[in-house]
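Asks: pasting the structure only:
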């Protein structure tokens, strides 16, 4: 039976992704998937979490299973504030932190808080697909800022800030960006903050991968450089602990967080009390930074294997960079190749990836690919990249006309 | 430091509730609180949940802690569909169910899916405060339908459907409504569905309390009466299992659910995998309906004590009804009394409640009160109502002029 319900206008711009349909096959166990952004589940500290989960119910069950405050569990918010103070040199308290259902909810609430229809979001080119989806609900225009290996081009950013009306947000993923793996230089971060201050625009720093650094020293976060309370920082435990908990946070000026709390309350009242208390107890009992070191060791090796195999297996015309952290490598094919077509061929060889075109909010760049290296073991990474190289070589041999 | 960020226009209508500020004191343990809609935590099956929580990590930890599909955990969706089929005489499968972060998220996604600025939501008068908050984000107008003890007045509803432009949704809580405790008659439900069909408007049936029936037989849900796929049904385990899990669902035509899934994906990717799997295992291992019988027995007694004490302690001018289920009793004071003023006095006597005026989206009706009876034991209910009677009698003695 077909319903004849009338939806909101925004639904015209919200479509099912054809890529996501294609990628449904990645659930097959024999598939070598470079597609998702999934952490390695074999690194989840299962025995510890089993103990913690039981203890939370045993020791604080009546509170853990009850409604709680929208802001989140205060001891957890305090711990997050202390971690941020230690790592980023900021001075946060629980009042600066709202617990969210993953950092994706932080993006949705950000759209709700800032965006009217027709407002402009400045973003890197390419940018995180999930942010495009979250913001699109609020019907902004995306204007892509020219971006090189060091971050946004400050001259282009300035020019856009001077000429484009109704800019509400600058959205950035400065550490090991999804999809490119790029890490911004300190200089570019400073320039971003200066320009945001000059033009009075909010900056959203999405920071899921900052802890997953494989080499050299951390660069200060954009939040660390903020002097005017203009930066909103989105954090998550999905990549450093586990994503199945769905715990992220928004950090910022208390006045701004108060507004996020109002929206969160109307949106889902609060994030699950029980998982918040489990995470809090875990942080009490164990050393998360030590866990992260273990994760980083594994991912570094996987990154190395992927890059090494790309060097061996990819035709000369294919470019890629070596990310210094995070989960993703970014591949640029010759202009005339289309990664969406390649994906169909590649899936027949049981290898999946995300065509990079979907990470450009205004389209184009169909000759790019995002490859995840965190979720497959080294042997499968080697084999998958080998097959992918074969698919690309065949496509190049056939020539552009056939694609 | 004060930020000078520019927020979305919608933020003008999203304000912190002064009532919520007042009620922050209800966290004091000596407070007798009739204010929240909290279940009785002493009824949470703690020992079972402790076992279940540990087992899920032990037996399926790598899946339970990983990302999962936006739709929700399929076995849980299947169980929910089967429960609904058995209770409501509908024919649902997992494809008709989206797992949400409590039914509050179902309300938010409903607003996202249907509401443009200026669209109209028809609702009961009064209606659920959380629905007002969720929908307000999308800037609709609320038009209150005249409502008596049997449900919406069908003549008034028809008149509004004929005359008010841009009606997108009819929002109802037919079983033991929050705030009034009212249960709609079958006839009124049938009339609602007929009118919705005639005028082609979607109906949202919010159904958190339907399982908490204290006497007589269930009335078919509005969903059960739907023949044209026009009803969206919101369910939750918050009142029958525990709210700290934050698990609710949206049920409806597959075509509509597909749209909800797109929005949920952009909003927070998915609800926590681990709590979904815990709930699923609980439903495998234990008889939730048996648990619910136990909850109903306790709440029925508490309802009885509250109504009995209201009869004993309230001045004659005060009216209240005896709800046949749910969590709330509704009190109407003489017109010249203002429940917000009474709340301030009552809090000094360590008794809290929700002034009913906040449940009317267009204001007025400040002489009403919502009293929760599920969260306090019988002795405290008796004592709280006694003190409340005293406060009201004093207010009446002082006379309208002083209020």
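Replies: The structure has been received and is ready for your questions. If you're wondering where the values come from, they're calculated on a predicted model, not measured in any experiment.
Asks: point me to the residue of the stretch 301-403 of chain A nearest chain B.
Replies: Going by Cβ to the nearest Cβ, chain B is nearest to residue A:375 of the stretch 301-403 of chain A, at 9.3 Å. Every residue, glycine included, has its C-beta placed from N, CA and C.
Asks: what's near enough to touch that residue?
Replies: A:33, A:36, A:38, A:39, A:40 (Cβ atoms under 8 Å, 6 or more residues apart in numbering or on different chains).
Asks: so which of these sit within strands?
Replies: Counted as lying in strands by DSSP state E, out of those, are residue A:33.
Asks: tabulate the contacts of residue A:375 (CSV), appending distance to residue B:110, pLDDT and neighbour count.
Replies: Listed next are the contacts of residue A:375 as CSV, based on distance: Cβ to Cβ, whole Å; pLDDT from 0 to 100; neighbours: other Cβ atoms under 10 Å in any protein chain shown:
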residue, distance to residue B:110, pLDDT, neighbour count
A:33, 34, 95, 22
A:36, 29, 91, 17
A:38, 30, 94, 18
A:39, 32, 97, 26
A:40, 37, 97, 18
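Asks: give me the subset of the contacts of residue A:375 touching chain B.
Replies: With Cβ under 8 Å from any Cβ of the partner chain as the criterion, the contacts of residue A:375 include A:36, A:38, A:39 near chain B.
Asks: for the residues you listed, which one is nearest chain B?
Replies: Chain B has its nearest neighbour among these in residue A:38, at 5.6 Å by Cβ to the nearest Cβ.
Asks: what sits against residue A:137?
Replies: A:10, A:14, A:108, A:111, B:112, B:263, B:266, B:267.
Asks: quick one on the thing from earlier: and the residue of the stretch 301-403 of chain A closest to chain B, backbone torsions?
Replies: Note on residue A:375: its backbone torsions stand at phi -100, psi -10 [degrees, to the nearest 10].
Asks: before we move on, back to that, any chance of the contacts of residue A:137 in JSON lines, plus pLDDT and neighbour count?
Replies: Shown next, in JSON lines, are the contacts of residue A:137 (pLDDT from 0 to 100; neighbours: other Cβ atoms under 10 Å in any protein chain shown):
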{"residue": "A:10", "pLDDT": "95", "neighbour count": "18"}
{"residue": "A:14", "pLDDT": "90", "neighbour count": "19"}
{"residue": "A:108", "pLDDT": "98", "neighbour count": "31"}
{"residue": "A:111", "pLDDT": "98", "neighbour count": "28"}
{"residue": "B:112", "pLDDT": "98", "neighbour count": "29"}
{"residue": "B:263", "pLDDT": "97", "neighbour count": "23"}
{"residue": "B:266", "pLDDT": "95", "neighbour count": "25"}
{"residue": "B:267", "pLDDT": "97", "neighbour count": "30"}
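Asks: just the ones of those in helices?
Replies: A:108, A:111, B:112, B:263, B:266, B:267 (DSSP state H).
Asks: widest-spaced pair of these?
Replies: Farthest-apart pair in those is A:111 and B:263; separation 12.0 Å (Cβ to Cβ).
Asks: for burial, what's the neighbour tally of the closest residue to residue A:125 other than its chain neighbours?
Replies: Leaving out its chain neighbours, the residue that sits closest to residue A:125 by Cβ to Cβ, 6 or more residues apart in numbering or on different chains is residue A:144, at 3.5 Å. For residue A:144, the count of nearby residues is 20 (other Cβ atoms under 10 Å in any protein chain shown).
Asks: so which strand or helix has residue A:144?
Replies: Using DSSP states H and E, residue A:144 sits within strand A:141-145.
Asks: got the contact list for that strand?
Replies: Here strand A:141-145 makes contact (Cβ under 8 Å, 6+ apart) with A:118-127, A:132, A:135, A:152-153, A:156-157, A:160, A:164, A:167, A:170, A:360-362.
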